[in-house]
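**Q** heads up, no residue letters with this:
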């Protein structure tokens, strides 16, 4: 697996944790949490794009994003659990 920066892992994990919280909410709480999730997901995507644009990174933005998501999801942690 490619060398993935810890910061990208942390950002994706934070977004996934925020997404998982949506399942137990409704109404205004749901909308507030949904905004939090979208903000965290946007921060993750921006960081991936910035990192992938570096000259020393061989992966495309898509490949990097998928590698990070796979690393987070296969870490044995279920944010919803």
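**A** Great, that's in hand. Please read all numbers here as calculations on a predicted model, not as lab measurements.
**Q** before we move on, which element is the residue positioned nearest the centre of the chain in?
**A** By C-alpha atoms, centre = their mean, the chain has its centre lying nearest to residue 12, at 2.0 Å. Taking DSSP states H and E as the definition, residue 12 sits inside helix 6-20.
**Q** That helix: which residues count as buried?
**A** For helix 6-20, burial by neighbour count (16 or more other C-beta atoms under 10 Å) applies to 8-9, 11-19. Every residue, glycine included, has its C-beta placed from N, CA and C.
**Q** Now do it: everything it contacts.
**A** 33, 36-37, 40-41, 43-44, 47-48, 51, 64, 68-69, 71-73, 77-80 (C-beta atoms under 8 Å, 6 or more residues apart in numbering).
**Q** mind running it again at 7 Å?
**A** With contact meaning C-beta atoms under 7 Å, 6 or more residues apart in numbering, helix 6-20 is reached by 33, 36-37, 40-41, 43-44, 47-48, 51, 68-69, 71-72, 79-80.
**Q** How about stretch 59-69?
**A** 1-2, 4, 8-9, 12, 48-49, 51-52.
**Q** The same query, at a cut-off of 6 Å, please.
**A** Outside of stretch 59-69, the residues within contact range by C-beta atoms under 6 Å, 6 or more residues apart in numbering are 2, 4, 8, 12, 48-49, 52.
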